[in-house]
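Asks: Next one to model:
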Amino acid sequence: MQATIAANTYVVTGNAESKTVSDLMPNIMPQLGPAQLKQVMEDMAKGKGMGGLSPDQMQAMASAAAAAGGAGGDDDELPELETGATF
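Replies: Coordinates of the predicted model:
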């Protein structure tokens, strides 16, 4: 990755990969918040599908994401600063 922060320009280089949604969803589900998770589940119920995943597979991933804490969790809290630390 290359960046010119003053010009607000970033370049990401590398080999592209093609992946299906079903390959990506297990990594995406834990990052969804409650509202987005609800929307995905509603879309599944309407038959819109998600890259070939069945509603049962989506529900299993949603349950795993909820058990893991989903989005938000403790990530929003700032760590305590160390006194006397210099960088």
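Asks: Just list the residues touching the closest residue to residue 2 other than its chain neighbours, thanks.
Replies: Using C-beta to C-beta, 6 or more residues apart in numbering and skipping residues adjacent in sequence, the residue nearest residue 2 is residue 11, 4.4 Å away. All C-beta spots, glycine's among them, are computed from the backbone N, C-alpha and C. By C-beta atoms under 8 Å, 6 or more residues apart in numbering, the contact set of residue 11 is 1-3.
Asks: Could I get the full set of strands for the protein?
Replies: 2-4, 9-11 (DSSP state E).
Asks: coming back round to it: now list the buried members of the contacts of residue 11.
Replies: Using 16 or more other C-beta atoms under 10 Å as the burial test, those include no buried residue.
Asks: which of those lies closest to residue 40?
Replies: residue 1 (29.8 Å; C-beta to C-beta).
Asks: For the residue found closest to that closest one once you drop the neighbours it is linked to in the chain, the count of nearby residues, please.
Replies: Nearest non-adjacent residue to residue 1, counting by C-beta to C-beta, 6+ apart: residue 12, 5.2 Å away. Neighbour count for residue 12, taken as other C-beta atoms under 10 Å: 7.
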